[in-house]
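Colleague: here you go, sequence then predicted model.
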Amino acid sequence: MREQEIKTQRVLVNGISTLYYEYGEGQPVLLVAGAASSARDWFPVMLDLGDTCRVIAPVLPGFSGTGSLPDVKPAHMAAFLAGLLDALRIDSVIAIGHSYGGCVAAELAIAHPELVRRLALVDASGLGRAAHPAAIALAILPPRVADLLSALASLPGSEVVLACSTLLLRQPWRVPLGTWLAQARLVRSRKSLRTSLEIFRECADITGQRPGILVVDRLARLRTPVLIVWGGTDTLLPAWQGRAAARRLPTGKFVQLTGAGHVSYLDSHTDFMDAIGPFVRDSADRVP
C-alpha cells in the first residue's frame with residue numbers, strides 16, 4: 001500500500017514533542033486538520049500531491065501524539081504552526097486547512113503572510129457566524145458533561161456513529177479503510193475528544209461562531225491567493241457562508257463540491273483534487 005510510504009516523524013516545537021506525517025518532495029504544502037479529525041485523514045490528499053510537493057500533516061497540540069498548549073485559540077495554534085515550520089526549516093508553504101484547521105491556517109496567513117504563499121480553506125470555520133445547532137450544543141456543554149460525553153464517545157463502536165453522521169459525511173462508502181481506522185483511533189482517545197470539545201467551546205457560543213474567531217475582514221487586507229472549497233451539502237457550516245466570504249476577498253475563489261458533506265475532501269476526493277491540484281501545482285500567474 002502506498003500509505004506505507006508516508007513517513008511518521010517527530011520534532012520539538014517550542015519544547016513540545018510534535019508528531020507529523022510527511023510525503024513527497026518539492027514545494028512545501030501544509031495540511032491542517034480540524035477538530036474531531038485526524039491528521040491521517042489527509043493521507044489520500046498527501047499521496048496525490050506528493051508527486052510534486054513535500055506534504056506535511058501535523059498532529060495539532062492536544063491530540064493524541066502531540067503535547068498540549070495552554071489553550072486552543074486559533075491564533076495560538078497558528079503560532080505553534082509557525083514554530084513547526086521554523087523547526088523544519090521551511091521558509092513558506094501552501095497552507096490547506098479544514099474546518100477549525102482552516103481557521104488556524106487563516107490565522108497563520110494573517111500573522112505571518114511571508115510564510116503562506118497560497119491559502120486553501122476547506123469547509124472552514126471563522127468565515128461567518130452560522131453553525132449547526134448541534135455544534136452550538138457541543139460548545140455550551142458544561143465541562144463535567146463534556147468529560148462524560150468524551151468518555152462515552154470513546155467506547156467501542158461510537159466512531160461509526162460519529163463518522164457516519166450527516167453532519168460530517170454524506171457519502172461514507174467513499175472513505176478509504178485506512179481513514180476509518182484512523183477515525184477509530186481518534187475517537188478512542190479521550191485526550192483528543194476533550195481537545196475537540198474544548199475547540200467547540202472556544203469557537204462557538206449560544207449565538208453561533210464567536211465573533212473573535214472571524215477572519216474574513218483581516219484576510220481581505222492581504223494579497224494572498226485564497227481558494228475556498230465547500231461541500232454542497234455541508235450542514236455543520238453552510239456553503240453559502242464560504243461563497244459570501246470568497247466574494248469579500250480580493251483574491252478569493254469559491255468551489256462547491258456537489259454532494260459532499262462537511263469533510264468534503266473525503267466525501268468527494270476526486271472532485272476535491274480537481275479543485276485543489278491546480279491551485280497547488282500551477283505557476284503563480286495561473287492562480288487567481
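Modeller: In hand now; what should we look at?
Colleague: now find how far off-centre whichever strand or helix holds I96 is within its chain.
Modeller: Assessed by DSSP states H and E, I96 sits inside strand 93-98. Chain-centre distance of strand 93-98: 8 Å, with CA atoms, centre = their mean, to the nearest Å.
Colleague: partners of that strand in the sheet?
Modeller: Sheet pairing of strand 93-98 (DSSP bridges) gives strand 27-32 (parallel), strand 116-122 (parallel).
Colleague: L84 is nearest to which of those?
Modeller: In terms of CB to CB, the element of those nearest to L84 is strand 27-32, at 8.3 Å. Yep, even glycine has a C-beta here, placed from its N, CA and C like the rest.
Colleague: what does the strand holding I96 contact?
Modeller: Here strand 93-98 makes contact (CB atoms under 8 Å, 6 or more residues apart in numbering) with 27-34, 37, 45, 53, 56, 85, 103-106, 108-109, 115-124, 263, 265, 276, 279-280.
Colleague: which ones are touching the closest residue to E202 other than its chain neighbours?
Modeller: Nearest residue to E202, sequence neighbours excluded (CB to CB, 6 or more residues apart in numbering): V72, at 5.2 Å. Contacts for V72 (CB under 8 Å, 6+ apart) come out as P61, G62, T195, E198, I199, E202.
Colleague: looking at the residues you listed, which is nearest D271?
Modeller: I199 (27.1 Å).
Colleague: can you tell me the average pLDDT over the helix or strand hosting the closest one?
Modeller: Element membership for I199, per DSSP H and E: helix 190-203. Mean pLDDT, helix 190-203: 85.
Colleague: buried residues, it. List them.
Modeller: Across helix 190-203, burial judged by 16 or more other CB atoms under 10 Å covers S192, L193, R194, T195, S196, L197, E198, I199, F200, R201, E202, C203.
Colleague: state the distance from the fifth one to P278.
Modeller: So the one you mean is S196. 32 Å (CB to CB, to the nearest Å).
Colleague: helices of this protein, start to end?
Modeller: When assigned using DSSP state H, the helices of the chain occupy the ranges 43-49, 74-87, 100-111, 133-139, 143-153, 158-164, 177-187, 190-203, 216-219, 239-248, 264-267, 269-281.
Colleague: give me the buried positions along the third one.
Modeller: It refers to helix 100-111. Y100, G101, G102, C103, V104, A105, A106, E107, L108, A109, I110.
Colleague: residues near the residue nearest to the last one when sequence neighbours are not counted, how many?
Modeller: This means I110. Nearest residue to I110 in three dimensions, chain neighbours excluded: R218, at 4.9 Å (CB to CB, 6+ apart). Neighbour count of R218, defined by other CB atoms under 10 Å: 14.
Colleague: surely R218 meets A111?
Modeller: No. Between R218 and A111 there is no contact under CB atoms under 8 Å: 9.5 Å.
Colleague: quick one: which of the strands paired with strand 93-98 is nearest P211?
Modeller: Here strand 116-122 is closest among the strands paired with strand 93-98 (CB to CB), at 18.1 Å.
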